[in-house]
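Undergrad: The following comprises the amino acid sequence and a computationally predicted model.
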Amino acid sequence: MTDKYPSLTALAEELHRESGERLQELADSIYKNALENYRNGDNAKAEDLCAEALNLLNQVQGVTKGKAFFNRLLANVYHKQGKLKESLEYNHTAAEQLLAAGEIKAAVSVYGNCGALLFYLGDRAGSYKRQLMVLSISEENDLKYEKARALINISVILKGRQEFSEALDKLEQAESTFKELSDERGLSYSLAAIADLKRETGDTEESLIYHQKALTIRKKMGNEREILLSFISFPSALIKANKPEEAEALCLEALKITDSSHWPTMKSLVLLNLIEALLDQGLVERAMQKIEETLELFSASEGFEENKPDLKFLESRAYHATGKHEDAYLALREHINMKIEFRAKNREEEISRLKIATEVETSLREKEIIAQKNLELSKTNDQLREALAEVKTLSGMLPICGSCKRIRNDEGYWQQLESYISHHSDAEFTHGLCSECMKKLYPELPDDILN
């Protein structure tokens, strides 16, 4: 692809001689080019442009906002490449720069990205800390949407820590905020999250009510992906509530969407729910047909490692229902082995992610400590400069009259000692009489007063 914008060499030359206004214009030009490459999937080109542009901008004072945009784009590039450590570091730098530039809303959004990355990397404590920061800044600046998003993210962490009542409180706050904003997408998401939480705590009937509310809003919005999110979680709740017929009806409705939209991952989750609903109704033959369909889907596409053990368990149930106990046993053993392998792999990935998260967190803490020390040093230097500015000193040889003690100034005039010192320093004089002069001037006074 031919570049539509100035070459970096030409930009480098101009950056050294142009004004700040022109500099911003040139930076915008590079940014557009980098963004276009990123959207076209040319991550390497986008990365090179951002890195070189940052090198140029770092030679100039200010332009903090411009640097932040490049850092944020670089973070997205690295995230797409699976380089989560680098993505987290650049996101954090961008957030700090946006905050310094007064771009509070953008900074909050990027801090939220940091929290999400830390969560994925397994650093739940670090993620929780970031999300609390996002919540605090959002409340201080009346950013309602960002506040609601932070509340939902915090609820996910609290749910993972089994702190269900606190998680529910955060979700209800998010629901209320989304209602206030008339944000139907956010509202449906918070309702579905409440439904999942209530199912987790055994409140099945309440869970179904909230799932229905979320589905109604999503159908009204007409967004197929959002509707499918409900079609995946709602049937699971219905199956747990011993309503497999209703679960089957929702799954069949969902399959119409997945068949037309070609979302294999979504389809696999719908099929698993449908198979379970059919088995719960004793419709074993239909369940076996769907098992075969799901196996074909798995073999035709990559991934599904997380879903394969669940399918084997359902296959074992189907064999057991038809009296094929040996096949049921073999399928169950395969299910168990898959689970063990999957958990071992997950543990290795979790350890690797935690190492990355620890490294990044340590690096960020060190940067914060250095920044704080630099700030303190800068304040101390400012105080010293102010103190030095207030100090005036006398130095060199001073010509002074041996009789009257007046001093000859630079213009050759004789000045009173007090006048000369006051002019050349910040000293001020008050007048009194020493004891010797008192005796000379007032010999009639008693000795106790003169002394």
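TA: Structure received.

Undergrad: count of residues packed around residue 83?
TA: Residue neighbour count, defined by other CB atoms under 10 Å, stands at 16 for residue 83. For every residue, glycine as well, the C-beta is placed using N, CA and C.

Undergrad: which residues make contact with stretch 400-414 from outside it?
TA: 398-399, 415-417, 420 (CB atoms under 8 Å, 6 or more residues apart in numbering).

Undergrad: let's see 10 Å
TA: Stretch 400-414 is contacted from outside by 398-399, 415-421, 423-424, using CB atoms under 10 Å, 6 or more residues apart in numbering.

Undergrad: of all these, which comes closest to residue 430?
TA: Of all the contacts of stretch 400-414, residue 430 sits closest to residue 418, with 10.0 Å by CB to CB.

Undergrad: That closest one is in what secondary structure piece?
TA: Using DSSP states H and E, residue 418 maps to helix 417-424.

Undergrad: same deal with residue 30?
TA: Residue-wise, residue 30 maps onto helix 20-39 under DSSP H and E.

Undergrad: Which elements pack onto that helix?
TA: helix 8-15, helix 43-57, helix 64-80 (3 or more CB pairs under 10 Å, 6 or more residues apart in numbering; DSSP states H and E).

Undergrad: buried sites along that helix?
TA: 23-24, 26-27, 30-31, 33-38 (16 or more other CB atoms under 10 Å).

Undergrad: How about stretch 177-187?
TA: For stretch 177-187, by 16+ other CB under 10 Å, it's 177-178, 183-184, 186-187.

Undergrad: contact partners of it?
TA: 138, 144-149, 151-152, 174-176, 188-191, 213-214, 217-218, 220-221, 223, 226.

Undergrad: Dump it to PDB, keeping only the CA atoms.
TA: Listed in PDB are the C-alpha atoms of stretch 177-187, where the atom choice follows Å, rounded to 0.1, in the frame of the first residue of the first chain:
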ATOM      1  CA  THR A 177     -27.000   4.100  36.400                       C
ATOM      2  CA  PHE A 178     -27.700   2.500  32.900                       C
ATOM      3  CA  LYS A 179     -31.500   3.200  33.500                       C
ATOM      4  CA  GLU A 180     -30.600   6.800  34.300                       C
ATOM      5  CA  LEU A 181     -28.600   7.000  31.000                       C
ATOM      6  CA  SER A 182     -31.300   5.200  29.000                       C
ATOM      7  CA  ASP A 183     -28.500   2.900  27.800                       C
ATOM      8  CA  GLU A 184     -30.400  -0.300  26.800                       C
ATOM      9  CA  ARG A 185     -27.200  -2.300  25.900                       C
ATOM     10  CA  GLY A 186     -25.600  -1.600  29.300                       C
ATOM     11  CA  LEU A 187     -28.900  -2.200  31.100                       C
END
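
Undergrad: chain center to it: distance?
TA: Relative to the centre of its chain, stretch 177-187 is centred 22 Å away, using CA atoms, centre = their mean, to the nearest Å.

Undergrad: How about stretch 27-46?
TA: On CA atoms, centre = their mean, the centre of stretch 27-46 falls 22 Å from the chain's centre.

Undergrad: Quick one: mean pLDDT for that stretch?
TA: Stretch 27-46 shows a mean pLDDT of 82.

Undergrad: what does stretch 284-297 give?
TA: 92.

Undergrad: Stretch 170-190 now?
TA: 95.

Undergrad: need the next SSE after the helix or strand hosting residue 167, C-terminal direction.
TA: Per DSSP H and E: residue 167 is located in helix 164-181. Later in the chain than helix 164-181, the nearest helix or strand by DSSP H and E is helix 184-200.

Undergrad: Tell me what angle that next one forms with helix 164-181.
TA: 160 degrees (axes from the mean of the first three to the mean of the last three CA atoms, to 10 degrees).

Undergrad: Please list the residues outside the following helix or strand past helix 184-200 that contact it.
TA: With elements assigned by DSSP H and E, the helix or strand that comes after helix 184-200 is helix 204-221. Outside of helix 204-221, the residues within contact range by CB under 10 Å, 6+ apart are 171, 175, 184-185, 187-201, 203, 224-231, 233-238, 240-243, 246, 250.
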